[in-house]
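In: Take this sequence and fold it.
(2 chains)
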Amino acid sequence: MLKGLVANNIPSLMKGALNEWLTEYNITVPVISEQVMANKSLWSMLPPDYYSNIKKAMIHVHDTEWLDREWLIDAVREEHSAIASLFLSWKKGQNWLDRQLAEIKKQVAEI
Amino acid sequence: MILDVFSPKDKEGAEAKMTQKDPTGKEGPEYWEKKAREAAAKRDYENQERQARMAQQAEEEPPEAPFTVKGSVNLGDFNMQEQQQQLQATIVKIQDDAKTQIQELNKEKETYREELHKIQLDMVEKTMKANMDNVLVEIRESRKPTPGILDQIDQIAHMATALGYKKPEETEDLPASLRLQMMKMEMDMKQSERQFEWDKMQAEREWTLTLEKLKQESSIRSAELANEEKKRNMFISPFESIGAAVARGLLDNGGQQQEEPIQKQARNPQKKNYKLEANAGESGEIDCPECGEKVAIAPTARTAICASCDSKFSIDRIPAAGEE
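Out: Below is the predicted model:
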């Protein structure tokens, strides 16, 4: 029952986790702008140690369709409004974000 | 024959001749007159001859000077080579002395320069310190309430008393009309002072009331915001908190607790348009004038949208120099 509850609320869990990561790693608009302009891959920046944790977490995640640009912008809108604002108005940033999310989804599926 | 009548011998002969009778028998004044002319001519001739002889003698042997200085000076022997060598030695010595003096002066100059540098540094330090002290004093003074006009007048009066000035006493020998006028002026002044005090009190009272009102409004608003925050905290998804906790665990940051996420304002349904100017390629963040949230300016974006209230910002890019 608990597993089902967690699985149903994965987007909410991820929202909290995402905001926490952005705060902890001090991910700001200039940092993201630089990544976008250089077209850097987010997944490649993830330390390999995290793969095992992600694998464990993915046991409870049956679906990643919800993980798209709109979800991400909504997820960070309250706590990181500048980042949300960046992706709301910047076409180049939106394209980059779409590419990154697609890559993350693909990599997660392969783990 | 000419006889020298001044010579005694000739004189005797002449006298004898004179006593003789003219052999021609022509004795008389003509004879003696002729003799006298001959004698006078002889004297003139002899005088002239003597003068000519003396002049010739003077030319041949000029008269000696009244006094003469005689003596001699020995200037010694002059050895030019030796003198030149001595001169060169003297020059070398003078040059060496001059070099030594220059070196000493340079050392002194360095010493003075260092001292000057130290003095300048000290001076700068002291000036800075004094300026800082002045600034601090000014800040402290500015924090103090500005004294009123009456206090200032009192201070001036105290200062004047301390300097030895005395308040002019009322003289009774002034005309009555003038004294009356003075009293009237004093009364007017006191009245205006009272009015000023009254106005000041009123203004202070009003200001205090306004401040109190603002404080009350502020406290009410704070309470409302706190209530709103509480309400929002109650409705926050517990899974988000779990997600944050999971993230914290994954980050493995030593169990540091993060602050609770701050709940943001509700989104503004009314969109507003603003205009911005930015240099080409410039990026950054601005505060939204509507909701105060951060709005990102992307490096190449022409618009920016506030994620909180959806206000739109049109960005006019100023081309860099040399670009169209």
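In: sec struct for the residue in chain A that chain B sits nearest to, please.
Out: Nearest residue of chain A to chain B: A:G16, at 2.6 Å (CB to the nearest CB). For the C-beta atoms, the positions are set from N, CA and C on the backbone; glycine is no exception. At A:G16 the chain is in helix, as set by DSSP: H, G, I helix; E, B strand; the rest coil.
In: Contacts made by the lengthiest helix in chain A with the rest, please.
Out: In chain A, taking DSSP state H as the definition, the longest helix is helix A:91-110. Contacts to helix A:91-110, defined as CB atoms under 8 Å, 6 or more residues apart in numbering or on different chains, come from residues A:32-33, A:35-36, A:39, A:41-43, A:54, A:58, A:64, A:67-69, A:72, A:86-87, B:298, B:300-301.
In: Could you turn the buried ones of these into a PyMOL selection?
Out: Remark: buried members of the contacts of helix A:91-110, expressed as a PyMOL selection using 16 or more other CB atoms under 10 Å in any protein chain shown:
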select buried, (chain A and resi 32+33+35+36+42+64+67+69+72+86+87) or (chain B and resi 298+300+301)
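In: tally of neighbours for the closest residue to A:A82 other than its chain neighbours?
Out: Once flanking residues are discounted, A:A82 sits nearest to B:K294: 3.7 Å by CB to CB, 6 or more residues apart in numbering or on different chains. Using other CB atoms under 10 Å in any protein chain shown, B:K294 is surrounded by 22 other residues.
In: where does the stretch 101-250 of chain B dip in pLDDT?
Out: Across the stretch 101-250 of chain B, the ranges flagged by pLDDT under 70 are B:143-147, B:164-174, B:232-243, B:245-250.
In: Need phi/psi at B:D287.
Out: phi -90, psi 130 (degrees, to the nearest 10).
In: wait, what's in contact with the closest residue in space to it that isn't next to it in sequence?
Out: Nearest residue to B:D287, sequence neighbours excluded (CB to CB, 6+ apart): B:K294, at 6.5 Å. Listed by CB under 8 Å, 6+ apart, the contact set of B:K294 reads A:29, A:81-82, A:85, B:285-288.
In: Next to chain B, which bits of chain A? Give me the list.
Out: For chain A, the residues in contact with chain B (CB under 8 Å from any CB of the partner chain) are A:9, A:12-21, A:23-24, A:29-30, A:33, A:36-37, A:50, A:53, A:57, A:73, A:77-79, A:81-86, A:88-93.
In: Narrow the residues you listed to just the buried residues.
Out: By 16+ other CB under 10 Å, the residues of chain A next to chain B give A:9, A:12-20, A:23-24, A:29, A:33, A:36-37, A:57, A:73, A:77-79, A:81-86, A:88-90, A:93 as buried.
In: In helices only, show me these.
Out: A:12-20, A:23-24, A:29, A:33, A:36-37, A:57, A:73, A:77, A:81-86, A:88-89, A:93.
In: So B:H117: helix, strand or coil?
Out: Under three-state DSSP, B:H117 comes out as helix.
In: quick one: it from B:K109, how far?
Out: For B:H117, the distance to B:K109 equals 12 Å [CB to CB, to the nearest Å].
In: now B:S7
Out: Distance from B:S7 to B:K109, by CB to CB: 104 Å.
In: measure stretch A:53-71 end to end?
Out: Stretch A:53-71 has its terminal residues 22 Å apart, counting by CA to CA, to the nearest Å.
In: check contacts around A:T28.
Out: Counting by CB under 8 Å, 6+ apart, A:T28 has contacts A:82-83.
In: Where does the prediction get shaky in chain A?
Out: A:1-8.
In: distance of the residue nearest to B:A301 when sequence neighbours are not counted from A:K15?
Out: Spatial nearest neighbour of B:A301, excluding adjacent residues (CB to CB, 6+ apart): A:W90 at 4.5 Å. Counting by CB to CB, the separation of A:W90 from A:K15 is 21 Å.
In: repeat for B:Y274
Out: B:Y274 sits 29 Å away from A:K15, going by CB to CB.
In: in a helix, that's where B:D310 is, yeah?
Out: No - secondary structure assignment (three-state DSSP) places B:D310 in coil, not in a helix.
In: what about it, neighbour count?
Out: 18.
In: do you know how far it is from chain A?
Out: Taken as CB to the nearest CB, to the nearest Å, the spacing of B:D310 relative to chain A amounts to 9 Å.
In: Per-residue pLDDT of that residue, please?
Out: B:D310 is assigned 86 on the pLDDT scale.
In: Phi and psi next, for it.
Out: Dihedral angles (degrees, to the nearest 10) for B:D310: phi 60, psi 20.
In: From the opening residue of stretch A:32-50 to its closing one, how far?
Out: 21 Å.
In: Contacts for it next, please.
Out: Against stretch A:32-50 from outside (CB under 8 Å, 6+ apart): A:83, A:86, A:90, A:92-93, A:96, A:100, A:103-104, A:107, B:250, B:283, B:296, B:298-299.
In: so how far is that stretch off the chain centroid?
Out: In terms of CA atoms, centre = their mean, to the nearest Å, the centre of stretch A:32-50 is found 11 Å from the chain centre.
In: next one: stretch A:50-68
Out: For stretch A:50-68, the distance from its own C-alpha centre to the chain's C-alpha centre is 11 Å (CA atoms, centre = their mean).
In: now for it, what's the gap between its first and last residues?
Out: End-to-end distance of stretch A:50-68 (CA to CA): 21 Å.
In: Quick check: buried residues in the longest helix of chain A?
Out: For helix A:91-110, burial by neighbour count (16+ other CB under 10 Å) applies to A:93-94, A:96-97, A:100-101, A:104, A:107-108.
In: Just the angle for it relative to helix A:81-89, thanks.
Out: 100 degrees (axes from the mean of the first three to the mean of the last three CA atoms, to 10 degrees).
In: can you pull out the helices in the stretch 51-200 of chain B?
Out: Using DSSP state H, counting those that start in this stretch, the helices of the stretch 51-200 of chain B run over B:80-143, B:149-163, B:176-235.
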